[in-house]
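**Student:** Next comes the sequence, and after it the predicted model I'd like to discuss.
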Amino acid sequence: MSNEKKILEKKITAWIKKFVNSLENYKLIEIIQDSNLSKINSENIKQFSNYNNWDFIPDFAVIIVNKKENSKFEIILINRETKAVGLRSIGQIMSYNKLVDPKFSFLITDKGHSNEISYFMINEKIRSRLMSFGKNSLIIFSFDDNSDNVNQESIIPFEYRNIVNG
Amino acid sequence: MQKSDSLFYLLGLICGKGYILEKGISINFAHKKAIVSGIGYCPKCGDLAAKPESSLEKFLRCKNKICENSTKNISTDVKKKYPQREMFFRSITENVVPFLKKNIKFKFNILSNSTITIINIFDLEEDILKFISFFFNGKKGFDRFEIPEILNNESKDFKIEFVNGLMDSCGHPSAGGWLNRDGKNGHGRMRPYFQIVRNWKIPVQIDNFLRDNFNIPTAKFDWGHPNIRDGKLNDYINHSASSFAREHQVGFFPENFTIFKHRISPKKELFEEILKHNLKVGFEDNGDWLITKKKITEGKIKSKHPMEKDYRIPENLRFHFDAEWQINLRLGCKYLKKIQSQAKNAEVFAISGDLERDDLNKVEKDFKKISDKKYSETDFTKKNKEHKKDTKSKKIMEEETYESLIIWLKKYIKKKYNEDSEAFDTSSQTLNSFFATKFNDFKIFEDQIKNLEDLDIRPDVVGISKKTKKLFFIESKVVSLGIKEVGQIWAYSVIAEPYESFLISTKDISQSLLKVISQNDNFLNYDDKNKIKVGKLINNNQVELFNE
């Protein structure tokens, strides 16, 4: 794995812990990295009724538990890109989202957005069709170059800016 | 709810390779090879004929050393051939479904590719679905199912049907890999097996269930554990460290299983072939693994393996094992526990299979010392060159498929819409220039094309019908189509809304994608009405669509 990827993954791991901590009533159970979700030997994954169809490898699958709703298990999916996010990477994680219907789904990049993505920022209809799943939306963002903080201006869709920063 | 033989057969099918979905059941029948072969016999002496060891040649040699065919080539045509995909499909529709429908009301659909056939059963009566869920203790997939105690209380006929279902879903009668044993009238003992994927509990449960209820033994266990599958570290040395993590196998001899039967072909025919062989050769013992000696001698102690603590192994099995039965014991085999209870020291028995010794510390120390010594003597520089294949020369490049797909798409549009069309590959020119040069009335779709260009949407092949100006996309792949591969063409299609959108590969659709599209009706949808069509390019000129 390239050094770039390692650094980004380290940032993501630190950030996701803070993010889950900031969620009311949720507790972090397990962070699964680079594993096929239908094949991993994790009792936590097997709590989900459709896990057998999750025959893919997200960069991160984060299992959280809702402390209020009967300790219901939920999942966060994260893919990372060390190049500009484009349609291919959005399409890939959206395929996962359609199967998993995660609580949150993030596409995190350290190179910002390609021209394609800029277009969606101003085209609400296309953006919604491309990034919505269940009642949620894919969230795309990047970290600041010189810190582990989320770059506020990078967050798409806009309405998720407060959520991402906790 | 009325219990029936159909219901228990269905439970067996589900237990072996099924999933319980929100509103139905899905059962996967794997058939990895397009064609399987039966037993090869020498036309001269009638002994077994097989491929020479380590040979890639496509001929057989007689195993009888005094037969002249032991040095001459025998055609593989002496073996019966079974085309699996067609046979699975036919026997599911003609045998399995009618048997289930005898007592259960449901609707179904079947999807298949060259390696798997999936039947989805839905609109089951609610109490049946509830009972199935109760039977499997609320678990959802075959890798977590267990054989419940309550099954022992059912009638013998129901229990037989349960095993029939298991045999049809995860039983593998195979004419290859026989046991090298001489019988009264010949050689080679055929041994089918249950193939168990990612479920560590059920192999021992199958064994104990068969013994408890029918007094029928199994013959051999093969565990997906590094000490068992890769005892000499060959895979580890050859950079396939995780190759141990394959399915488990529970072998059995067909002559002990004559009260059971297959309904799925070609399992049925293969089972009959190998049963006939074993009966003809004639073996005196029942081949029970349980009665073989358990004592582990120095030669059988395995080297330690660096993958013994691997995350794919359940925590209670992340230990060193020298024999298959030790895993059975740790997983609670009650018949082994009975043997263990006769040992002077139960822990010594678990390590060494020795019923007499009592010196636990010494046994532990000695076994570890030998295992460590074998590891330190392993030659980690040896590589297995035989398995290296030059696949590069056969590999089709993605670009080589475009021309064929252009021709196919034009024919497809003509046949389906009775329209002429234009199609091109985007690697040769931009969408703008293509449409500007090919269409006089380019302006009518200029805006649409501009969007595609602005967004850098470049499916591999784009087509447009000349009369009604319908837009078609093809994304071409040369890998097996999985969930990941759907993403790109889906995103293009969501934005550009083509009239039809195709994802086509030279390889088969993966089992996982086939499973997903058979269970999730909307997974391939890119708008309210249209879904991506998934297909395979065959012989670089035909396309088989899986979901049209």
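**Tutor:** Now that the structure is in, tell me what you want to look at.
**Student:** alpha carbons only for contacts and neighbour counts from here, please
**Tutor:** OK.
**Student:** how about the residues of the stretch 401-548 of chain B near chain A?
**Tutor:** For the stretch 401-548 of chain B, the contact set with chain A under C-alpha under 8 Å from any C-alpha of the partner chain comprises B:454-456, B:483-492, B:494-495, B:512, B:515-516, B:523.
**Student:** Inside helices: which ones of those?
**Tutor:** Under the assignment DSSP state H, these contribute B:454, B:483-492, B:494-495, B:512, B:515-516 to helices.
**Student:** helices or strands next to the helix or strand harbouring A:A14 in the packing?
**Tutor:** Using DSSP states H and E, A:A14 sits within helix A:3-22. Packing partners of helix A:3-22 (3 or more C-alpha pairs under 8 Å, 6 or more residues apart in numbering or on different chains; DSSP states H and E): strand A:26-33.
**Student:** what's the following helix or strand past the strand it packs on in contact with?
**Tutor:** Beyond strand A:26-33 on the C-terminal side, the first helix or strand identified by DSSP H and E is strand A:60-66. Residues from elsewhere that reach strand A:60-66 (C-alpha atoms under 8 Å, 6 or more residues apart in numbering or on different chains): A:20, A:25-34, A:44-45, A:71-79.
**Student:** ok, back up a step: of the ones in helices among the residues of the stretch 401-548 of chain B next to chain A, grab the buried ones for PyMOL.
**Tutor:** The PyMOL selection below is limited to those of those classed as buried (16 or more other C-alpha atoms under 10 Å in any protein chain shown):
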select buried, chain B and resi 483+484+485+486+487+488+489+490+491+492+494+495+512+515+516
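**Student:** farthest-separated two in the ones in helices among the residues of the stretch 401-548 of chain B next to chain A?
**Tutor:** Greatest spatial distance in these: B:D454 and B:K515, 35.5 Å, computed using C-alpha to C-alpha.
**Student:** where does chain A dip in pLDDT?
**Tutor:** Counting by pLDDT under 70, chain A has low-confidence residues at A:1, A:111-122, A:165-166.
**Student:** Chain B contacts on that one?
**Tutor:** A:39-41, A:49-50, A:52-53, A:55-56, A:87-96, A:98-99, A:115-116, A:119, A:126, A:129-130.
**Student:** so what's A:E30 closest to, chain neighbours aside?
**Tutor:** In space, A:E30 comes closest to A:I63 once its chain neighbours are excluded; the distance is 5.1 Å by C-alpha to C-alpha, 6 or more residues apart in numbering or on different chains.
**Student:** burial of the one you found, as a residue count?
**Tutor:** A total of 21 residues lie near A:I63 under the criterion other C-alpha atoms under 10 Å in any protein chain shown.
**Student:** Go through the ones in helices among the residues of the stretch 401-548 of chain B next to chain A and say which is closest to B:F89.
**Tutor:** Nearest to B:F89 among these, counting by C-alpha to C-alpha, is B:K515 at 15.7 Å.
**Student:** Low-confidence stretches in chain B?
**Tutor:** Within chain B, the stretches with pLDDT under 70 are B:54-57, B:383-396, B:427-456.
**Student:** if we can go back for a sec, only whichever of the residues of chain A next to chain B are buried, select them in ChimeraX.
**Tutor:** This is the ChimeraX syntax for the buried subset of the residues of chain A next to chain B, where burial follows 16+ other C-alpha under 10 Å:
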select /A:39,40,41,49,50,52,53,55,56,87,88,89,90,91,92,93,94,95,96,98,99,116,126,130
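**Student:** can you pull up the bridge partners for the residue nearest to the spatial centre of chain A?
**Tutor:** For chain A, the residue nearest the mean C-alpha position is A:F106 (2.3 Å; C-alpha atoms, centre = their mean). Counting by DSSP bridges, A:F106 forms beta bridges with A:I78, A:I139.
**Student:** Isn't it up against A:M131?
**Tutor:** No - look at A:F106 against A:M131 with C-alpha atoms under 8 Å: they stay out of range, at 10.5 Å.
**Student:** what touches both of those two?
**Tutor:** Common neighbours of A:F106 and A:M131 (criterion: C-alpha under 8 Å, 6+ apart): A:138-139.
**Student:** With adjacent residues omitted, what lies nearest to residue 11?
**Tutor:** All of this is about chain A. Using C-alpha to C-alpha, 6+ apart, the nearest residue to A:K11 is A:D148, at 5.8 Å.
**Student:** could you do chain B instead?
**Tutor:** Excluding the flanking residues, the one nearest B:L11 by C-alpha to C-alpha, 6+ apart is B:F162, at 6.2 Å.
**Student:** quick one: contacts for the residue of the stretch 151-300 of chain B found nearest chain A?
**Tutor:** Using C-alpha to the nearest C-alpha, B:R198 is the residue of the stretch 151-300 of chain B that sits closest to chain A, at 7.6 Å. For B:R198, the contacting residues are A:39, B:143, B:246-248, by C-alpha under 8 Å, 6+ apart.
**Student:** Let me know the secondary structure of the residue of chain A positioned farthest from its centre.
**Tutor:** Distance from the C-alpha centroid of chain A peaks at A:N70, with 24.0 Å (C-alpha atoms, centre = their mean). Classification of A:N70 by DSSP: H, G, I helix; E, B strand; the rest coil places it in coil.
**Student:** about what we covered before: any of the contacts of strand A:60-66 buried? List them.
**Tutor:** The buried subset of these - by 16+ other C-alpha under 10 Å - is A:20, A:26-28, A:32-33, A:44-45, A:73-79.
**Student:** List the residues that contact the nearest residue to B:D359 once chain neighbours are set aside.
**Tutor:** Spatial nearest neighbour of B:D359, chain neighbours left out: B:V348 (7.4 Å); criterion: C-alpha to C-alpha, 6+ apart. Shown in contact with B:V348 (C-alpha under 8 Å, 6+ apart): B:354-355, B:357-360, B:363-364.
**Student:** try 7 Å this time
**Tutor:** By C-alpha atoms under 7 Å, 6 or more residues apart in numbering or on different chains, the contact set of B:V348 is B:354, B:357-358, B:360, B:363.
**Student:** Give me the distance between it and B:D354.
**Tutor:** 7 Å (C-alpha to C-alpha, to the nearest Å).
**Student:** got it, and B:W408?
**Tutor:** For B:W408, the distance to B:D354 equals 68 Å [C-alpha to C-alpha].
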